[in-house]
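Enquirer: Okay, here's the prediction I keep looking at, along with the sequence it came from:
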2 protein chains.
Amino acid sequence: MLADQQLLRIPGPSPIPPSVTRAMSKPMIGHRANETKQLLQSIKPRLKPIFGTMQDVLLIAGSGTAGLEAAVVNTVMPGDEVLVIVTGAFGERFSKICLEYNITVHELEVEWGEAVKPEALKQALHEHPNVSVVFSTYCETSTGVLNPIDQLAKAVHEYSNALIVVDGVSCVAGVETKMDEWGIDVLVTGSQKAFMLPGGLTLIAASDRAWKVIEANQQPSFYFDLKKYRSSSEEDSTPFTPATSLLFGLEQVLNLFDEEGLEQVYARHQLMMNMTRSAFRAHDIPLLTNDQSASPTVTAVRPADFAAEDLRKVIKNEFGLSIAGGQQHLKGEIFRIGHMGYCSPSEVLQTIGIIELGMVKIGKGIDLGKGVKAAQEIYLQQGDLS
Amino acid sequence: MLADQQLLRIPGPSPIPPSVTRAMSKPMIGHRANETKQLLQSIKPRLKPIFGTMQDVLLIAGSGTAGLEAAVVNTVMPGDEVLVIVTGAFGERFSKICLEYNITVHELEVEWGEAVKPEALKQALHEHPNVSVVFSTYCETSTGVLNPIDQLAKAVHEYSNALIVVDGVSCVAGVETKMDEWGIDVLVTGSQKAFMLPGGLTLIAASDRAWKVIEANQQPSFYFDLKKYRSSSEEDSTPFTPATSLLFGLEQVLNLFDEEGLEQVYARHQLMMNMTRSAFRAHDIPLLTNDQSASPTVTAVRPADFAAEDLRKVIKNEFGLSIAGGQQHLKGEIFRIGHMGYCSPSEVLQTIGIIELGMVKIGKGIDLGKGVKAAQEIYLQQGDLS
């Protein structure tokens, strides 16, 4: 195996572009110095179109889960009733955080691999008329499902007075997101997925409606108190020492988005999804999700006649290619390919080519190249990203 | 001014060593991959001597304040009584966090610039016999005071059953720390000071006595739940996506500590303190703290006959040298020089030389070179760090 080559195609953390690595290598600056202010001034306005909001996008040093917890502790109080849409492992995380805070949790469970239907949400809101917040994942990383957040937000506002809080960790910046237009009240994402950065930064924005709730909220919280982050953001600052190297990197990520154009970034993710799906279809290998529910950032494959873990092992050992396995009851049942962030159609062709070789190696008889060809054909049909 | 030159001599964030920057530039790896496990295995044992503990040192993605809040929410419950030793702005932060959680806070206030005396602590413990936790800063960044934590911990255990929780953010890894021997129950530090890393990682360890309290504690907390970090650490993992680039950097920081030797790292900080203090003494410019209370990582100077802010401005503009001003009521009254982490006696000479020039520029008549000479003499007397 080529020394030092690692191909990271898990659904996050995702690879870091070289220019972002270089940006993160800038000498350290004072966190209260003018350089930090300028850095935040450069970053702030360019996050808004990615979230699709006019609100400030706030930056917290921490994992994505820190952002999810911030969303919870700023919007609900012990004893409140909430509805959590669970389409996989990350939906469950919202429930766990809420239960930790003695929130009454109603779960709307959907079979893993399927998206939630707006009708099911309407029904759940009807059954639980007192919920103050609805929590949903946008892309469910554990299944590769993209929930129809626009329709879910619409249903929430049509059938209740609840807020809708959305975990966009594994898709925001890879999938078009219109927080304001769709009526998302709180949107959270992380740095290590479509944002092409290492982990350690979580990004969060709230609607005017959500800010009213946040301002009135009495749940104790210091580090996660969003009001502190908002006041600091208004002065182009942070309430606590920021993860400065990640901010250096984030500025360069935004330069790369500007250069490519956000529309093209989203089109590229869509194309990578279509190429990946077509490759497995060509081999008659089942996908976990249907086309309507599929996320442009991650594809889950559920092989019927070979072991997902055997495939993962052989491609990791022979080619340094990392893809993810399944979580919880899907462990061993599926494998998941991340195609987000610093990833292009070229990488998809490479990934498919390696997976085909891996399948042969583990004894799954396939026509070599058939998946690659299918992906290439999709590229020729849809792939004008210039 | 030399283009691109910035000399960062604030009391954190501190400069990053080039080899650490290079380490942080490694390609991203999966957070559940074997590479991450190996990285944590390499890091874990080498953090223990820095904390002076046999306990696992846990790593949380977040600012130092995240670590302080984790210390609070894992050890106290609403209604508990605690004693907070306030020797400056960061002592106050503990109070603010506790008050947010409806903890009854008694403050032992000490004039800014002075260390707390163990006798004063004994008296306070006598007055408040029901406190369950005593919070103290080790180095108070806002004044450059190093509190006598060994004696404070001793007093706490002699006169009460309380835990002692210590904020070591601005000195651990620059000052010898014997958590187990001294009886510190919870010790917190951050990445951006003597650890020579960017901000975004907080490190925390707890004694057996503290773990009993933590295990019984019912305060809701998800991201800051130390039990989650402990179980993950036992498996060389993290409960949430780590700040991987900071872990890459931390491993190299530990290599650098190994190369220099921890004893020598501490001696270097001591020497830098002595050099810095002697320079201002030579010019009859008052220091904020006395010798017994001075921290090896940061020196606060309280000029009697020139404006601290004028000096800061001119040395920043002409030489790119950043030093810190005062906080709260010491704003404009003092300036603070960081000499920690990636900083050597050579940098101290440079810093003093520039500050002397700056004083002349703002009209403070001094004998140029006199402070540098005093620092050089200290180096010749004490400076054999080889």
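Expert: Okay, I see it. Residues are numbered from 1 along each chain as shown, chains lettered A, B, ... in the order given.

Enquirer: can you list the residues of the stretch 51-200 of chain A near chain B?
Expert: Within the stretch 51-200 of chain A, the positions near chain B by C-beta under 8 Å from any C-beta of the partner chain are A:60-66, A:69, A:72, A:78, A:96-97, A:100-102, A:190, A:192, A:198-200. In this view, the C-beta of every residue, glycine as well, is placed from N, C-alpha and C.

Enquirer: now, which of those lie within strands?
Expert: A:60-61, A:190 (DSSP state E).

Enquirer: Name the member of those with the most neighbours.
Expert: A:Ala61 (32 neighbours; other C-beta atoms under 10 Å in any protein chain shown).

Enquirer: Give me the spatial nearest neighbour of that one, chain neighbours excluded.
Expert: A:Ala243 (4.2 Å; C-beta to C-beta, 6 or more residues apart in numbering or on different chains).

Enquirer: contacting residues for the one you found?
Expert: A:61, A:200-201, B:63, B:198-200, B:243, B:246 (C-beta atoms under 8 Å, 6 or more residues apart in numbering or on different chains).

Enquirer: if you set the cut-off to 7 Å instead, what comes out?
Expert: A:61, A:200-201, B:198-200, B:243 (C-beta atoms under 7 Å, 6 or more residues apart in numbering or on different chains).

Enquirer: go on, A:Leu7?
Expert: A:Leu7 touches A:319-322, counting by C-beta under 7 Å, 6+ apart.

Enquirer: which of the residues you listed lies closest to B:Val186?
Expert: Taking C-beta to C-beta as the measure, B:Val186 lies nearest A:Ser322 of the contacts of A:Leu7, at 36.4 Å.

Enquirer: Report the separation between the residue nearest to A:Ala61 and A:Leu203.
Expert: 12 Å (C-beta to C-beta, to the nearest Å).

Enquirer: So for A:Pro286, what pLDDT did the model give?
Expert: Note on A:Pro286: pLDDT of 98.

Enquirer: Give the burial count for the closest residue to it other than its chain neighbours, as a bare number.
Expert: Spatial nearest neighbour of A:Pro286, chain neighbours left out: A:Arg302 (4.9 Å); criterion: C-beta to C-beta, 6+ apart. Residue neighbour count, defined by other C-beta under 10 Å, stands at 17 for A:Arg302.

Enquirer: what's the distance between A:Arg302 and A:Ser322?
Expert: Applying C-beta to C-beta to A:Arg302 and A:Ser322 gives a distance of 19 Å.

Enquirer: what's the answer for A:Ser207, then?
Expert: Taken as C-beta to C-beta, the span from A:Ser207 to A:Ser322 is 37 Å.

Enquirer: Give the helix, strand or coil label for the residue nearest in space to the middle of chain A.
Expert: In chain A, the centroid-proximal residue (C-alpha atoms, centre = their mean) is A:Ser170; its distance is 1.1 Å. Following DSSP: H, G, I helix; E, B strand; the rest coil, A:Ser170 is assigned to coil.

Enquirer: is it true that it touches A:Pro296?
Expert: No: A:Ser170 lies out of contact with A:Pro296 (C-beta atoms under 7 Å); the separation is 10.5 Å.

Enquirer: which secondary structure element contains A:Lys364?
Expert: Remark: A:Lys364 resides in no helix or strand, with elements defined by DSSP states H and E.

Enquirer: tell me which residues form a beta bridge with the residue of the stretch 251-386 of chain A found nearest chain B?
Expert: Relative to chain B, the nearest point of the stretch 251-386 of chain A is A:Ser322 (5.3 Å; C-beta to the nearest C-beta). Beta-bridge pairing of A:Ser322 under DSSP bridges involves A:Leu8.

Enquirer: pretty sure A:Val188 contacts A:Asp167?
Expert: Yes: between A:Val188 and A:Asp167 there is a contact under C-beta under 7 Å: 5.6 Å.

Enquirer: Compare these two (neighbour count), which wins?
Expert: Using other C-beta under 10 Å as the criterion, A:Val188 and A:Asp167 rank with A:Asp167 on top: 30 against 27.

Enquirer: Who are the contact partners of the more buried one?
Expert: A:68, A:90, A:94, A:137-138, A:188.

Enquirer: Grab the longest helix from chain A for me.
Expert: When chain A is scanned for its longest helix (criterion: DSSP state H), the result is helix A:262-282.

Enquirer: Can you tell me which helices and strands it packs against?
Expert: Applying 3 or more C-beta pairs under 7 Å, 6 or more residues apart in numbering or on different chains; DSSP states H and E, we find helix A:262-282 packed against strand A:298-301, helix A:345-361, helix A:370-382.
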